[in-house]
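Chemist: Just to be clear, the model below is a prediction. Sequence and coordinates:
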There are 2 protein chains.
Amino acid sequence: MYDVARHAKVSPMTVSRVLREPDKVAEKTRNRVLETIRKVGYVPNLIAGSLASNRSNVIGLIVPSIKNSLFADTIQGTADVLRTSGFQLMIADSGHSLADEEALISAFLGQRVSGIILHNTTHTERARELIRRSGVPVIETGDLARKPIDMTVSYSNFEAAKSMTLYLANRGYRNIGFVSLSDRDNDRARERRRGYMAAMDSLGRMPDPALTIQVAPGFASGAEAVVHLVESSKPVDAVFFAGDVLAIGALFECQRRGWGVPSRVAIACFDDLELLHHIVPTVTSLRLPRREIGRYGAEILLDRIRGVTKRNIVLDLGFEIVQREST
Amino acid sequence: MYDVARHAKVSPMTVSRVLREPDKVAEKTRNRVLETIRKVGYVPNLIAGSLASNRSNVIGLIVPSIKNSLFADTIQGTADVLRTSGFQLMIADSGHSLADEEALISAFLGQRVSGIILHNTTHTERARELIRRSGVPVIETGDLARKPIDMTVSYSNFEAAKSMTLYLANRGYRNIGFVSLSDRDNDRARERRRGYMAAMDSLGRMPDPALTIQVAPGFASGAEAVVHLVESSKPVDAVFFAGDVLAIGALFECQRRGWGVPSRVAIACFDDLELLHHIVPTVTSLRLPRREIGRYGAEILLDRIRGVTKRNIVLDLGFEIVQREST
DNA sequence: CAATGTCCTGATAGCGCTATCATATATTTC
DNA sequence: GAAATATATGATAGCGCTATCAGGACATTG
């Protein structure tokens, strides 16, 4: 920067201003400086800038798993908003471990991120404490947080699962099975199960424990689950899968066995992947506002960082049931 | 930090050493300092550290699209390696735009990242120049770069496409169609097409322009393409799709129309998604070492950052054809 | 027991930028 | 046209840490 200043015959301060507050520099000077910057190939050191100004242009984002395409949509939404705002996204993967999440939060705070986005709503006590003390704004998502640290943008897994269950009942299915991933370390799965249970309860049906099963992730699990439920002593006529991969695995298995969907068994699931619009038969699912969550989350966070908003916002973006051939 | 130093009755320098070079501090002192750090809830300012030491623990990663699950696998591989190494990943999305990519590279260099990973191999001249001048190590991936900036870890799209085409010919298919995304701004698509052409050439078959078509992304495009190719005046008996989504869309369309796969038309594609192991029929595909690319890329990069390696490595991780029911 | 080496700790300077206030010049106002 | 205000630039200090070297305490050697 001193180099540039010398070449352009101004003070370093003016160079700094040209980069951050161009309006405050006379046009002639500004152009001369910009020209010089280009000529010497100067790349400003944002680290030094952050240190001096006590601000950074980095937002930290923690997801349980980068690979999971569900998060990919939300990340994309966030990235789209941030790209136009000059902020950078620092993404880390907690591997579904709360302890790792805590370590990552600590690392992010060490980087003096301007904001943090967390794709889950349960955290260690120390993690909450770290964030609170730092005063960095936080968005939680993935579910409506029961006790939000700060701001939340999501839909309600409980309500979504409940609605879909009631919807299936309303379409005349009598024996609705429910398949989800293990509850352990997965608050979303837990909420979805609760929603299913609540729906059964409000229908006055005894939730049969044999109808709600928990499985490992993967296509194969969905396949096994549907076979198990259909061939049980009390066969189901519909299965509600709490995850898309499970449902797809189940559907393929039905194809292999020649079971009609929905004639033999109806299939519905969370998360309206585009694939589900094209698969044969197309699958009834819950459209979750994934990308919107990413967008709104980023926007609210930016508003807070810029001091536009003060309040702790909790935004429920809802969901939608999309009826298709499979039910 | 001064706070901690005062409380623990040592100099700030000792606190700094406890965090970065614990061995160089007497055990007694170290424990006292660590205890104090915990007590006052001190979070070291890594920004200041980076500025002072002229090192950072951030790796920049640019992908054309975060949403695309293909990149997700590679990112996961990278993240897995970096997590255990104390580095953070800063991810940005160029939206397939070379100009945006250049801007992001500049932003990353401003952040003084220790390394950069690029998921494509064509860049603007200024981008190359920026990187070269900065001396920051770079990994390019997504294809074997023709003129690598620095290091490359990938497989060859050309060879992969060629192999699969020859493989299909070898299985007896006479009329092999090729469907890919538009060549424009997509060097991978271009290489794949070249590979297909080269195979046709080596088979002594005139590559019929009517058999190689370019389409927009999406399931629907694949569906349209397969219909077009099968119902043409010179119907194909096999179609090789350069992208998985296209192939899946095509397969579903065949299911809808009751066209037997592979009896009426065989289908093969790039990229061995897990879905393709379960879909009916399972699909012959090219297994690309996505995750390995991420892992090796990260490892090579770290070696360079740590000064273990000096040489410009070009790593070809190859590919594999997986025979399944669809051909 | 002086000389040498080893280990641990501290003092000092400075990384490259920005906040802040001061100064110089141009513009407006009555 | 003098005073008040606005605009443009610069000088200075310091953000929170680490590199570097200096020095004190202690052990080792001949």
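Modeler: Alright, I've got the coordinates.
Chemist: Who does A:Thr152 form a beta bridge with?
Modeler: For A:Thr152, the beta-bridge partners under DSSP bridges are A:Glu140, A:Val314.
Chemist: Just list the residues touching it, thanks.
Modeler: For A:Thr152, the contact set (C-beta atoms under 8 Å, 6 or more residues apart in numbering or on different chains) comprises A:Thr121, A:Ile139, A:Glu140, A:Thr141, A:Leu144, A:Ala145, A:Ile313, A:Val314, A:Leu315. Yep, even glycine has a C-beta here, placed from its N, CA and C like the rest.
Chemist: In the stretch 51-200 of chain A, which residue sits closest to DNA strand C?
Modeler: Across the stretch 51-200 of chain A, no residue is closer to DNA strand C than A:Ala52, which sits at 3.1 Å (C-beta to the nearest atom of the strand).
Chemist: Quick check: which element contains that residue?
Modeler: Here A:Ala52 is covered by helix A:46-53, with elements defined by DSSP states H and E.
Chemist: anything in that helix near DNA strand D?
Modeler: Yes - Helix A:46-53 comes into contact with DNA strand D (C-beta under 7 Å from any atom of the strand), by way of A:Ala48, A:Leu51, A:Ala52.
Chemist: among the residues you listed, who's most crowded?
Modeler: A:Leu51 (19 neighbours; other C-beta atoms under 10 Å in any protein chain shown).
Chemist: if I look at the residue of the stretch 51-200 of chain A closest to DNA strand C, how far off is A:Arg20?
Modeler: Relative to A:Arg20, A:Ala52 is positioned 11 Å away (C-beta to C-beta, to the nearest Å).
Chemist: Over to A:Val4?
Modeler: On the measure of C-beta to C-beta, A:Val4 and A:Arg20 end up 14 Å apart.
Chemist: Of those two, which one has the most company?
Modeler: Counted by other C-beta under 10 Å, A:Val4 and A:Arg20 do not tie: A:Val4 has more neighbours, with 24 against 11.
Chemist: Show the model's pLDDT score for that one.
Modeler: Confidence at A:Val4, expressed as pLDDT, is 89.
Chemist: That one should be in a strand, yeah?
Modeler: No - counting by DSSP: H, G, I helix; E, B strand; the rest coil, A:Val4 is not part of a strand but helix.
Chemist: Touching, it and A:Thr36? I think so.
Modeler: Yes - counting by C-beta atoms under 8 Å, A:Thr36 is a contact partner of A:Val4 at 5.2 Å.
Chemist: so what sits against both of these two?
Modeler: A:Tyr42.
Chemist: which residues touch A:Glu224?
Modeler: A:Val215 are the contacts of A:Glu224 under C-beta under 8 Å, 6+ apart.
Chemist: I meant to write A:Ala99 there.
Modeler: So A:Ala99 contacts A:Thr124 (C-beta under 8 Å, 6+ apart).
Chemist: and it, that's in a helix?
Modeler: Yes - per three-state DSSP, A:Ala99 lies within a helix segment.
Chemist: Checking A:Arg324 next. Helix, strand or coil?
Modeler: For A:Arg324, the assignment made with three-state DSSP gives coil.
Chemist: Next, the contact list for the closest residue in space to it that isn't next to it in sequence, please.
Modeler: Distances taken as C-beta to C-beta, 6 or more residues apart in numbering or on different chains put A:Thr282 closest to A:Arg324, at 3.9 Å, once the chain neighbours are dropped. Each residue near A:Thr282 by C-beta under 8 Å, 6+ apart is listed here: A:Leu276, A:Arg324, A:Glu325, A:Ser326.
Chemist: Just name the closest of those residues to B:Pro235, please.
Modeler: Distance ranking of those against B:Pro235, using C-beta to C-beta, places A:Glu325 first at 28.8 Å.
Chemist: wait, isn't that closest one in contact with A:Gly260?
Modeler: No - with contact defined as C-beta under 8 Å, A:Glu325 does not reach A:Gly260; the gap is 10.8 Å.
Chemist: Show me what from the stretch 1-150 of chain A comes close to DNA strand D.
Modeler: So the stretch 1-150 of chain A meets DNA strand D at A:9-14, A:17, A:24-26, A:28-30, A:48, A:51-52, A:54 (C-beta under 7 Å from any atom of the strand).
Chemist: Please check the contacts of A:Thr282 and keep the buried ones.
Modeler: A:Leu276, A:Arg324, A:Ser326 (16 or more other C-beta atoms under 10 Å in any protein chain shown).
Chemist: quick check, nearest of those residues to DNA strand D?
Modeler: For the buried ones among the contacts of A:Thr282, the nearest to DNA strand D is A:Leu276 (49.3 Å; C-beta to the nearest atom of the strand).
Chemist: part of a strand, is that closest one?
Modeler: No - read with three-state DSSP, A:Leu276 is helix and lies in no strand.
Chemist: Walking through chain A, point out its helices one by one.
Modeler: Here chain A has its helices, by DSSP state H, at A:2-8, A:12-20, A:27-40, A:46-53, A:69-83, A:98-110, A:125-134, A:157-170, A:187-202, A:219-230, A:244-257, A:275-278, A:290-305.
Chemist: name the helices or strands packed onto the fifth one?
Modeler: In terms of contact count using 3 or more C-beta pairs under 8 Å, 6 or more residues apart in numbering or on different chains; DSSP states H and E, helix A:69-83 is assigned the packing partners strand A:58-63, strand A:88-93, helix A:290-305, helix B:69-83, strand B:88-93.
Chemist: wait, which of the ones you listed is closest to B:Val58?
Modeler: Per C-beta to C-beta, nearest to B:Val58 of those: strand B:88-93, 5.0 Å.
Chemist: does that closest one come close to chain A?
Modeler: Yes - applying C-beta under 8 Å from any C-beta of the partner chain, one finds strand B:88-93 touching chain A at B:Gln88, B:Leu89, B:Met90, B:Ile91, B:Ala92, B:Asp93.
Chemist: got the contact list for the residue in the stretch 201-327 of chain A positioned nearest to DNA strand D?
Modeler: Residue of the stretch 201-327 of chain A nearest DNA strand D, by C-beta to the nearest atom of the strand: A:Ile305 (18.4 Å). Contact partners of A:Ile305, counting by C-beta under 8 Å, 6+ apart, are A:Ser114, A:Gly115, A:Pro137.
Chemist: close enough to count as contact, the last one and A:Arg304?
Modeler: Yes - counting by C-beta under 8 Å, a contact exists between A:Pro137 and A:Arg304, whose distance comes to 4.3 Å.
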